[in-house]
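Novice: Give me a 3D structure for the following:
(one chain, ligands or ions: 1)
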Amino acid sequence: MNSTFRLAAAVSIASLGASLFPLTTLAADSKGSVEVVHWWTSGGEKAAVDVLKAQVEKDGFTWKDGAVAGGGGATAMTVLKSRAVAGNPPGVAQIKGPDIQDWAATGLLDPDVLKDVAKEEKWDTLLDKKVADTVKYDGDYVAVPVNIHRINWLWINPEVFKKAGIDKAPTTLDEFYVAADKLKAAGFIPLAHGGQPWQDSTVFESVVLAVMGVDGYKKALVDLDNSALTGPQMIKALTELKKVATYMDPDGKGQDWNLEAAKVINGKAGMQIMGDWAKSEWTLAKKTAGKDYQCVPFPGTDKAFLYNIDSLVVFKQNDEGTAAGQQAIARKVLGQDFQKVFSINKGSIPVRNDMLADMDKYGFDACAQTSARDFLADAKSGGLQPSMAHNMATTLAVQGAFFDVVTNYINDPQADPADAAKKLAAAIKAAQ
Ligand code: BGC
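Specialist: Coordinates of the predicted model:
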């Protein structure tokens, strides 16, 4: 059963119960109340989402916070599905990539509520077509894109590098291993890493990109081509992944990504492979990019950009106040002021074309400027590719197959890369 069908079947009962959606209770002076389900719960992420909350409240709406802890959002998605099945979806929820299409196909998203806002604010001109298409269903906006994250980053504490006798950031996998060995010898954790499936797959996709290149990444992780999934390049990528894993934090099993980021910030670890939401923790700790920390593309991936676009979808609701609140959120989100302040706090870059082209003007730091430059260049060269680990390339069912096989592979001391590649292809086929 394909995943659209699975999601549709699960929530079809909800449409019967649409009239059961609860009417929201409002403070006397509120223009409307909107519940927003999201998974921005680390210190840095919370600082970012609080920017939106404050702007929406300033406009007279009540923000009902539906934060669900759990990096990568798997728990939030589970909560959302059960709420939809119960006929009680929130007004707004953080959903990404092809999953937006699956949700829209259930009929639970609202294709009308954003129509006027999108027209008035000229979203079609403000946004790159790739970005706009992600958040449209049958030509109508069912979500507002919030920001763009790059996944294939390596975060470095230069002070720790110096203490370990490393004089430059690694640019190849071999240099990465040399640096990691020196960190280990000097008594540091070479690679801060939380052993949760989405984090394992975040590292996996960066390694695949480094070993297989953009074309290989696309064939295997986006097109799900069987020969690319089982071929010699994938076997090599899995072999390298196993080597990278030998440098991971031995205390990292099950750890949250932000607690691992803290180990790099506090000088216990030298590096972390993570999307640029990691920067939100550095920003919160009042550290400066290029001085207190370095962000470099994951070794061997500087000509590519694995992207993910955070988006807020709108669910059908049955009261005008909520619709007005949904529109207010959408208007704020694509405004220049929010785009700037949110992304500076979050570590991402704006989704607006005009801002991406002029990052310096808006006060973005060196990491964000590199990111925007690479995003625009890689969009032209084809190096811009959707992230599998962050819900942009495949359905959640296929992503789940990747997560299972990759995490088992990393944790099994006996695992064989050729065998893992075969398991990967089989699990993906079953999930399609
Ligand atoms: C989301 C980010 C979030 C990160 C960690 C990613 O999938 O796109 O917004 O900060 O997960 O939870």
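Novice: Compute the distance between residue 276 and the ligand, please.
Specialist: In this view, residue 276 and the ligand are 9 Å apart by C-beta to the nearest ligand atom, to the nearest Å. C-betas here are computed from N, CA, C, even on glycine.
Novice: looking at it, that residue is touching residue 153, isn't it?
Specialist: Yes: counting by C-beta atoms under 8 Å, residue 153 is a contact partner of residue 276 at 5.5 Å.
Novice: and for the two, which residues touch both?
Specialist: 295, 367 (C-beta atoms under 8 Å, 6 or more residues apart in numbering).
Novice: which parts of the stretch 1-150 of the chain sit against the ligand?
Specialist: Within reach of the ligand by C-beta under 6 Å from any ligand atom, the stretch 1-150 of the chain has these residues: 39, 45, 71, 72, 73, 149.
Novice: try it again with 5 Å
Specialist: Residues of the stretch 1-150 of the chain lying close to the ligand by C-beta under 5 Å from any ligand atom are 71, 72.
Novice: hey, where'd the helices end up in the stretch 1-150 of the chain?
Specialist: Remark: helices assigned in the stretch 1-150 of the chain by DSSP state H, counting those that start in this stretch are 3-16, 43-58, 74-85, 98-105, 115-120, 123-126, 129-134.
Novice: lowest-confidence stretch among these?
Specialist: Lowest mean pLDDT within those: helix 3-16, a mean of 55.
Novice: quick one: average pLDDT of whichever strand or helix holds residue 372?
Specialist: Taking DSSP states H and E as the criterion, residue 372 maps to helix 366-381. Helix 366-381 comes out with an average pLDDT of 96.
Novice: Select, out of the helices of the stretch 1-150 of the chain, the one closest to residue 201.
Specialist: Residue 201 lies closest to helix 74-85 among the helices of the stretch 1-150 of the chain, at 11.1 Å (C-beta to C-beta).
Novice: Tell me which other helices or strands that closest one touches.
Specialist: Packing partners of helix 74-85 (3 or more C-beta pairs under 8 Å, 6 or more residues apart in numbering; DSSP states H and E): helix 3-16, strand 32-38, strand 92-94.
Novice: Show residues contacting the last one.
Specialist: The contact list for strand 92-94 (C-beta under 8 Å, 6+ apart) reads 34-40, 66, 73, 76, 80, 310-315, 326, 329.
Novice: before we move on, what about the second one?
Specialist: Judged by C-beta under 8 Å, 6+ apart, the contacts made with strand 32-38 from elsewhere in the structure are 24-27, 49, 56, 61-68, 76, 79-80, 83, 90-94, 312, 319-326, 328-329.
Novice: Can you turn the buried subset of those into a selection I can paste into ChimeraX?
Specialist: Selecting the buried subset of these in ChimeraX, with 16 or more other C-beta atoms under 10 Å as the burial test, is done by:
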select :24,49,56,61,62,63,64,66,67,68,76,79,80,83,90,91,92,93,94,312,319,321,322,323,324,325,326,328,329
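Novice: before we move on, back to that, right, so the helices of the stretch 1-150 of the chain: which one is the most enclosed?
Specialist: helix 98-105 (a mean of 21; mean count of other C-beta atoms under 10 Å).
Novice: Now name the helix or strand holding the residue in the stretch 301-432 of the chain that the ligand sits nearest to.
Specialist: Here the residue of the stretch 301-432 of the chain nearest the ligand is residue 390; by C-beta to the nearest ligand atom that distance is 4.2 Å. Here residue 390 sits in a region with no helix or strand, counting by DSSP H and E.
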